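Colleague: Structure for this input, please:
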Amino acid sequence: MARLNLLEETRFEKLPVTVYPDTDTASKKVARRITDLIQKKSKNGQHAVLGLATGVTPIGVYKELVRIHKEENVSFKNVITFNLDEYFPMKPTSSQSYVSFMKENLFDHIDIDMANVHIPDGTLHIEKIPAFCLDYEKKITDLGGLDLQILGIGRTGHIGFNEPGSAPNSGTRLVTLDDLTRRDASRDFGGKQNVPTKAITMGIGTIFKAREIILMAWNTKKASIIKKAVEGEISSDVPATYLQLSENVEFVLDQDAASDLTRFNTPWLVKDCVWDGALIKKAVIWLANHLDKPILKLTEEDYNNNGMAQLATEKGPVYNINIDIFNKIQHTITGWPGGKPNADDIQRPERAEPEKKRVIIFSPHPDDDVISMGGTFIRLVDQGHDVHVAYQTSGNTAVWDDDALRFVEFARDFSKAISMDTQKLDDLYVSMRAFLETKQPNQADTHEIQTLKGLIRKGEAISGARFAGLPDDHIHFMALPFYDRGKTERKPEYEDDIKITMELLQKIQPHQIFAAGDFADPHGTHKVCFDIIVQALNRLKNEEWIKDCWLWMYRGAWHEFETHEIQMAVPLSPQEVERKRFAIFKHQSQKDRPVFPGDDAREFWVRAEDRTRETAKSYDRLGLAEYEAMEAFVRWNF
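Modeller: Numbers count the residues shown, from 1 in each chain. Predicted coordinates for the structure are as follows:
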């Protein structure tokens, strides 16, 4: 019976999928399987032939393999490896090369014979690449093929660098990289313009010959493409779907990467559910959107015909379910994000008391506050709360070099205009220009340039916060050290960042904290900043003030909360949308074309307005009041 239930639950999935609770657990499981293979082959006097991948996904696996080698004395002398791909052109000594990646994360820490390591050569003359690729294939074939191939998956659905359009029988070859793939790599190269347009990759046909294939994926960024690869039709548009044809493949996912799969996202379509309040809310909103009907117009027939008959039977009548969920959503809407004074707050998202709250808005970058919750920020100030804003990082990475030069030129000209000595400025300007003219992709700026770019962002943030109504002594620049350390250290520590955050929290003792829960940030800064706040709060949990402190997460810079997740929705009038826009405009260095725009080419103020309007429309479509825009929040329990 259990096997039948599993088959029903996974009936949308066209290949084997194993889901682990977190990335660390999944990585250790994969590393153990690799270790078992190596030891089995060694016992039989054979080589273990491994196909290896690069990128963020396998780092945890390699870390665990290094631990196993050092602590369990497992040898890699019988291992032969073939890497999936390499950028072209690419020098092996470059920090962005996959040679450097593999040495840093694995080869330099184990006893593998480097003569047994094979990585595509990014230094070849282009005319020699076809012969190299044929030889690469021959080496694999002569060894009897790959025993195990590990894969990640790109957001285009590529495996290796087999981009959309790749043939299922393709071999090792030179390919052109998809624009999205290059955007995803832009951080490592200091901008998309520096990312190579081509790569040498093992083909899908080569991968298919492996006796065992494990594709790994972590976090919600991969959830959408994982659903297509696992549940979608086989198509060259998503090359990973070709793996559905293999009898030797397994997808290994963490819960976040699996979150869009039918059995997790809409489980009522495949199994009986335990209907708690959160799942009922999600299901009813899904049904209303699926049928394009307001919640209060959903019928019992709608429930029965769309996999929700069990809900109707156990919790019905459906009329009552509809009213309950409608009311729950209605109660998330408030024009008083700090709580409404002298009001019954039982059905409101925030407490009425204390009437005037101390508030900290944490902003990872110097503009996240106004981009993501500028309307709520202004309203909190207007309603008389004691609002502070804390900019966690300098944001100096995201300033164009020519903008930095322009500010120094202004400083020189202004100093000369008021007859000040400009010798030091002149010398600095000359050295800056000399450095920037020879600056390499992703090369860290000099200390002076980093300082200058940070001051540009600081001035803009002050202007934006003042526009929102804050006095200068309520504007805090934390300059968390991890941000600059991360430019030179692969694995920075966060202890000093946590202590700085604890000091600010102790000083203000807030009733409300707003923090960026927008973990789709392609740089990872938002997630790091949020984790620092949570760790600081956990260390302060015995403080008396923290017992009355609530933490609200905001999004908006990169994506928005799903409607069923929202616990507080702050409606904005057309006038408030305009005020928010002007606050965003204060960040001039981020207008027109930010240095790291991510996938969204729109200016930040445009995407912010579009997303808040879409949130308002999502409420309207469910049958609730129509607003110009809405900023959404979810409470984090610590």
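Colleague: Going by C-alpha atoms from here, please, whenever you check contacts or count neighbours.
Modeller: Fine.
Colleague: what's the burial count for residue 290?
Modeller: 10 (other Cα atoms under 10 Å).
Colleague: how close does it sit to residue 303?
Modeller: Per Cα to Cα, to the nearest Å, residue 290 is found 11 Å from residue 303.
Colleague: repeat for residue 348
Modeller: From residue 348 to residue 303 the distance is 29 Å (Cα to Cα).
Colleague: distance between the longest strand seen in the chain and the chain's centre?
Modeller: Criterion DSSP state E: the longest strand present in the chain is strand 629-636. Offset of strand 629-636 from its chain centre (Cα atoms, centre = their mean, to the nearest Å): 19 Å.
Colleague: do stretch 23-38 as well
Modeller: Put simply, stretch 23-38 sits 24 Å off its chain's centre (Cα atoms, centre = their mean).
Colleague: do the same with stretch 167-187
Modeller: On Cα atoms, centre = their mean, the centre of stretch 167-187 falls 21 Å from that of its chain.
Colleague: mind listing the helices for the stretch 51-200 of the chain?
Modeller: 59-72, 98-105, 129-142, 179-184, 186-189 (DSSP state H, counting those that start in this stretch).
Colleague: Could I get those helices in a markdown table, plus columns for mean neighbour count and mean pLDDT?
Modeller: Formatted as a markdown table, those follow (neighbours: other Cα atoms under 10 Å; pLDDT from 0 to 100):
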| stretch | mean neighbour count | mean pLDDT |
| --- | --- | --- |
| helix 59-72 | 18 | 98 |
| helix 98-105 | 19 | 96 |
| helix 129-142 | 15 | 97 |
| helix 179-184 | 17 | 86 |
| helix 186-189 | 19 | 81 |
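Colleague: Would you reformat those as CSV and include distance to residue 478?
Modeller: Formatted as CSV, the helices of the stretch 51-200 of the chain follow (distance: least, Cα to Cα, whole Å):
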stretch, distance to residue 478
helix 59-72, 30
helix 98-105, 32
helix 129-142, 50
helix 179-184, 28
helix 186-189, 23
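Colleague: Show me the one of these that comes nearest residue 543.
Modeller: Closest of the helices of the stretch 51-200 of the chain to residue 543 is helix 59-72, at 35.8 Å (criterion: Cα to Cα).
Colleague: What is that closest one packed up against?
Modeller: Using 3 or more Cα pairs under 8 Å, 6 or more residues apart in numbering; DSSP states H and E, the elements in contact with helix 59-72 are helix 23-43, helix 98-105.
Colleague: Export those helices as JSON lines, with columns for distance to residue 414.
Modeller: Formatted as JSON lines, the helices and strands packed on helix 59-72 follow (distance: least, Cα to Cα, whole Å):
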{"stretch": "helix 23-43", "distance to residue 414": "54"}
{"stretch": "helix 98-105", "distance to residue 414": "46"}
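Colleague: nearest to residue 516, of these?
Modeller: Evaluated over the helices and strands packed on helix 59-72, closeness to residue 516 peaks at helix 23-43, with 21.9 Å, by Cα to Cα.
Colleague: How about that closest one, which residues are buried there?
Modeller: Across helix 23-43, burial judged by 16 or more other Cα atoms under 10 Å covers 23, 26-32, 34-35, 37-39, 41-42.
Colleague: Quick one: distance of it to the chain centre.
Modeller: Its chain's C-alpha centre and that of helix 23-43 lie 27 Å apart, by Cα atoms, centre = their mean.
Colleague: follow-up on the earlier one: tell me the mean pLDDT over the longest strand of the chain?
Modeller: Average pLDDT, strand 629-636: 97.
Colleague: how about the helices in the stretch 201-350 of the chain?
Modeller: Under DSSP H, counting those that start in this stretch, the stretch 201-350 of the chain gives helices at 204-208, 223-231, 262-265, 277-291, 300-304, 309-315, 318-330.
Colleague: So for residue 493, which of those helices sits nearest?
Modeller: Nearest to residue 493, of all the helices of the stretch 201-350 of the chain, is helix 223-231, at 28.6 Å by Cα to Cα.
Colleague: So for that closest one, mean pLDDT?
Modeller: The predicted model assigns helix 223-231 a mean pLDDT of 97.
Colleague: how far does it sit from the chain's center?
Modeller: Here helix 223-231 is found 17 Å from its chain centre; the criterion is Cα atoms, centre = their mean.
Colleague: cool, stretch 193-211 as well?
Modeller: What separates the centre of stretch 193-211 from the centre of its chain is 24 Å, taken as Cα atoms, centre = their mean.
Colleague: What of stretch 316-332?
Modeller: 33 Å.
Colleague: next one: stretch 626-635
Modeller: Taking Cα atoms, centre = their mean, one finds stretch 626-635 lying 22 Å from the centre of the chain it belongs to.
Colleague: List the buried residues in it.
Modeller: 627, 628, 629, 630, 631, 632, 633, 634, 635.
Colleague: Show me the shaky parts of the stretch 351-500 of the chain.
Modeller: Scanning the stretch 351-500 of the chain for pLDDT under 70 picks out 487-491.
Colleague: repeat that for 90
Modeller: Scanning the stretch 351-500 of the chain for pLDDT under 90 picks out the ranges 439-444, 484-493.
Colleague: Spell out the residue ranges of the strands in it.
Modeller: With DSSP state E, counting those that start in this stretch as the criterion, the stretch 351-500 of the chain has strands at 358-363, 386-391, 475-477.
Colleague: any idea which of the ones you listed is most buried?
Modeller: Highest mean neighbour count of these: strand 358-363, a mean of 24 (counted as mean count of other Cα atoms under 10 Å).
Colleague: ok, and what's touching that one?
Modeller: 369, 377, 385-392, 508-516 (Cα atoms under 8 Å, 6 or more residues apart in numbering).
Colleague: ok, now stretch 210-224?
Modeller: Contacts for stretch 210-224 (Cα under 8 Å, 6+ apart): 23, 57-58, 145-155, 207, 226, 248-261, 520.
Colleague: could you redo the last one with a cut-off of 7 Å?
Modeller: Here stretch 210-224 makes contact (Cα atoms under 7 Å, 6 or more residues apart in numbering) with 23, 57, 145-153, 155, 248-254, 256-260, 520.
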